[in-house]
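*Asks:* any chance you can model this:
(one chain, ligands or ions: 1)
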Amino acid sequence: MENNRRDFIKKSAALALGTIAATSIVNKTLAATEFIEKESILTEDVKFVLPKLPYEYDALEPHIDKMTMEIHYSKHHQAYVDNLNKALAAMDANVVKNISSLDDIFAMVDKLPIAVRNNAGGHYNHTFFWSAMKPKAGGIPTGKLAEAINASFTSFEEFKKQFTDVATKRFGSGWAWLVTNKGKLSMCSTANQDNPLMKLDSVEIKGTPVLALDVWEHAYYLKNQNRRGDYIHSFWNVVDWQHADQIFTNAK
Ligand code: MN3
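*Replies:* From the prediction side, this is the model:
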């Protein structure tokens, strides 16, 4: 017990200082929610911290540019983390004491302040998104996920077409998702920073995210301006299919 506590504090301190090795995120074989709990949580006083980006800002060039990555991660994602901590600090301590993970927040998100919903979503979604991409990646899906994509969408090309369509048609700011629920794949989009883990009527498809694409303008405007289609096209060159397959294979 005492050792666990010491390890927890040590790990929290390491997270706060951002000293966790980049490869520890890239090499995760855990389901998405477990990954988030291990990498982006929690000091003793319920403070969320910004996890280290698993690659350099320019690592996804030329598909996703350095300046977009730098601002997206160090300004936007950081702001979601800071504002989540502020929103939790402003809440009733008796409610906050029952929250020890993003999962806890998503499970009762309909009863929490909108600032917690938006910023917890922003924190999870971006952490997930960074890990869904990798330099010199792209190509075609692998493993069990490849089989499931072919079974659900007839072919990878057809899957890409449908996912692109979902991402293109999301009006305004939001996300496109590939989701697994008891081994069944489906896709959807969500508004703002909502995601498929949130217990909300407005989230049509619920389950474990396997792949995510941020379609907020801040994700592409510097490089692609209003051309969301060009950005979605670029995304396919940086998808880490091995990581997506690991999440799919490990999901319950
Ligand atoms: Mn974003």
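
*Asks:* and this structure, what are its domains?
*Replies:* 2-131, 143-250 (automatic domain parsing).

*Asks:* quick one: which of these is nearest the ion?
*Replies:* Proximity to the ion (CB to the ion) singles out domain 143-250 among these, at 4.2 Å. Heads up, the C-betas are built off the backbone N, CA and C, glycines and all.

*Asks:* that closest one: how far from the chain's middle?
*Replies:* 11 Å (CA atoms, centre = their mean, to the nearest Å).

*Asks:* nearest to residue 137, out of the domains of the chain?
*Replies:* domain 143-250 (4.9 Å; CB to CB).

*Asks:* quick revisit: any chance of the domains of the chain in JSON lines, plus distance to the ion?
*Replies:* Below are these laid out as JSON lines (distance: least, CB to the ion, whole Å):
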{"stretch": "domain 2-131", "distance to the ion": "5"}
{"stretch": "domain 143-250", "distance to the ion": "4"}
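
*Asks:* what about residue 68, neighbour count?
*Replies:* Residues near residue 68, counting by other CB atoms under 10 Å, number 20.

*Asks:* mind saving the C-alpha coords of stretch 233-246 as PDB?
*Replies:* C-alpha atoms of stretch 233-246 as PDB (Å, rounded to 0.1, in the frame of the first residue of the first chain):
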ATOM      1  CA  HIS A 233      -6.700  13.700 -47.500                       C
ATOM      2  CA  SER A 234      -3.400  14.500 -45.600                       C
ATOM      3  CA  PHE A 235      -4.600  12.700 -42.500                       C
ATOM      4  CA  TRP A 236      -4.600   9.300 -44.200                       C
ATOM      5  CA  ASN A 237      -0.800   9.700 -44.600                       C
ATOM      6  CA  VAL A 238      -0.100   9.800 -40.900                       C
ATOM      7  CA  VAL A 239      -2.700   7.400 -39.400                       C
ATOM      8  CA  ASP A 240      -0.900   4.900 -37.100                       C
ATOM      9  CA  TRP A 241      -2.900   1.700 -38.100                       C
ATOM     10  CA  GLN A 242      -0.800  -0.500 -35.800                       C
ATOM     11  CA  HIS A 243      -1.900   1.600 -32.800                       C
ATOM     12  CA  ALA A 244      -5.500   1.600 -34.000                       C
ATOM     13  CA  ASP A 245      -5.400  -2.200 -34.300                       C
ATOM     14  CA  GLN A 246      -3.900  -2.500 -30.800                       C
END
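
*Asks:* would you mind listing the buried residues in that stretch?
*Replies:* 234-246 (16 or more other CB atoms under 10 Å).
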